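A.B. asks: Mind folding the following:
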Amino acid sequence: MNVLVIGSGGREHALCWKLSRSDSPNPTRRVKLFCAPGNAGISQIAQCIPISADNLAALRDFAKQEKIDLTVVGPEAPLVAGIVDLFRDAGLKIFGPTRAAAQLEGSKAFSKRFMQKYGIPTARFTVHTILDDAIKSLAKYQFPLVVKASGLAAGKGVIICQSRAEAEAALHGMLSEHRFGDAGASVVIEECLIGEESSILAITDGEEYFCLPASQDHKRLLDGDQGPNTGGMGAYAPAPVITPQLQAQVEKEILQLTLAGMREEGMPFTGCLYIGLMITKDGPKVLEYNARFGDPETQAVLPLYDGDLLEACLASATGDMRGGQTFLSVNPSGQAGMPDLPKDAVVCVVLASGGYPGSYEKGKPITGLDAIPDGVVVFHAGTKLKDNQIVTDGGRVLGVTARAENLKAAVELAYRGVEAIRFEGKTYRKDIGKKALKKL
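C.D. replies: Have a look, this model is predicted:
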């Protein structure tokens, strides 16, 4: 079976890693993996193809030429651009939402109005395209508040404003100075929710679904949730803040309403729906939707999931999740839609380049990858091969990931892996998972 993964980061390495371990009951099926464009780590388990993730036509043509049986899309940009529609029109199976459904991530204005329409709990908000109107609306909020670029802004379009001056500066930057281009042509102002964050990933065919274990990301660069926001400096799963009772509440009041609402809108959501949550004193509320697997949450969640990811993605892509028992061991009707999960825990610690999330140098040799402890897997995010040496090639470089019998053991094992790896400027947080340890 020929499988294509699109993307080049740590999420895509984790997807390739898990897909290569498909435990399909069909022993005659051999999985041949391709990844476009991939990275140095991915090249060890898949054939990397030099086609960028935004070259949709070239990706479609490659899939047709190589008779790809299933394509799995990692990043959001090709989904929002309509790669699923393009592939389906060509008769190709692909895992992910259509362009219309991907608006849940591609347009924060759309997603907020959608949640309002269908009674899905979220922060109070207003949407603006005119600067003067946006500034006037600030009087409706207390500080801190949040200003968001409505479109895709590579994770940089969310600004928490502590004062009116900061909010006005953020609005000027988006609506007047066009700091985020078209992504900031429409902005969302919303109340700042207080609580603990968590993420839930649901694989769905638009009607049926199942949830992977809840996880928690660490967005800030420095220990103690200090410093600038990043793409994510590490994650762990399962997140103890999501109790079984809270999981059931999220599914009933958020996930199932979201899927039903998207069907009602004529754009059923297929693929992986990421729900970013804030667990407030009033219950769980949606911070954001993503239309794909999260990064680095995927690196923490997939090593904990013992089901067959390939079968799950195929069932989602073909609308046939109801009968899938190789990836789901409870009923797939959307009632308690979580597979049986191990009691283990997984921790992923991101190693970043010095200077990230600002400017940083590339091409730093990486050593120690052959000396990581048993039980640790290293997912490559920003790496490439240069003269047969793996070197840094991005802001987030590696995700050092450990699975162990409990969270404390997983934390300790992951950091043993971190200590084994060397490159100039190596930057990482030393407190990944520590917040959860206090709850246990």
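A.B. asks: Quick one: distance of stretch 303-321 to the chain centre.
C.D. replies: 17 Å (Cα atoms, centre = their mean, to the nearest Å).
A.B. asks: same deal with stretch 239-256?
C.D. replies: 18 Å.
A.B. asks: got the end-to-end distance for it?
C.D. replies: Start and end residues of stretch 239-256 are separated by 21 Å (Cα to Cα, to the nearest Å).
A.B. asks: Okay, buried residues for that stretch please.
C.D. replies: Going by neighbour count (16 or more other Cβ atoms under 10 Å), the buried part of stretch 239-256 is Ala239, Pro240, Val241, Ile242, Leu246, Gln247, Val250, Glu251, Glu253, Ile254, Leu255, Gln256. All C-beta atoms are positioned from the backbone trio N, CA, C, and that covers glycine.
A.B. asks: can you put these in JSON lines and add secondary structure?
C.D. replies: Shown next, in JSON lines, are the buried residues of stretch 239-256 (DSSP: H, G, I helix; E, B strand; the rest coil):
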{"residue": "Ala239", "secondary structure": "coil"}
{"residue": "Pro240", "secondary structure": "coil"}
{"residue": "Val241", "secondary structure": "coil"}
{"residue": "Ile242", "secondary structure": "coil"}
{"residue": "Leu246", "secondary structure": "helix"}
{"residue": "Gln247", "secondary structure": "helix"}
{"residue": "Val250", "secondary structure": "helix"}
{"residue": "Glu251", "secondary structure": "helix"}
{"residue": "Glu253", "secondary structure": "helix"}
{"residue": "Ile254", "secondary structure": "helix"}
{"residue": "Leu255", "secondary structure": "helix"}
{"residue": "Gln256", "secondary structure": "helix"}
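A.B. asks: which two in the residues you listed are spaced the farthest apart?
C.D. replies: By the measure Cβ to Cβ, Pro240 and Gln256 form the most distant pair in the buried residues of stretch 239-256, at 23.3 Å.
A.B. asks: tell me the contacts of Ala14?
C.D. replies: By Cβ atoms under 8 Å, 6 or more residues apart in numbering, the residues touching Ala14 are Thr298, Gln299, Leu302, Pro303, Phe379, Gly399, Thr401.
A.B. asks: Counting neighbours, which of these comes out on top?
C.D. replies: Counting by other Cβ atoms under 10 Å, Gln299 has the largest number of neighbours within the contacts of Ala14, with 35 neighbours.
A.B. asks: Let's verify that residue: helix, strand, or coil?
C.D. replies: Under three-state DSSP, Gln299 comes out as helix.
A.B. asks: So which of the contacts of Ala14 sit within strands?
C.D. replies: Members of these lying in strands (criterion: DSSP state E): Phe379, Gly399, Thr401.
A.B. asks: quick one on the thing from earlier: which one among the contacts of Ala14 gets closest to Arg220?
C.D. replies: Nearest to Arg220, judged by Cβ to Cβ, of those is Gly399 at 16.8 Å.
A.B. asks: Same list (the contacts of Ala14) but as CSV, adding pLDDT.
C.D. replies: Shown next, in CSV, are these (pLDDT from 0 to 100):
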residue, pLDDT
Thr298, 98
Gln299, 98
Leu302, 96
Pro303, 95
Phe379, 98
Gly399, 98
Thr401, 98
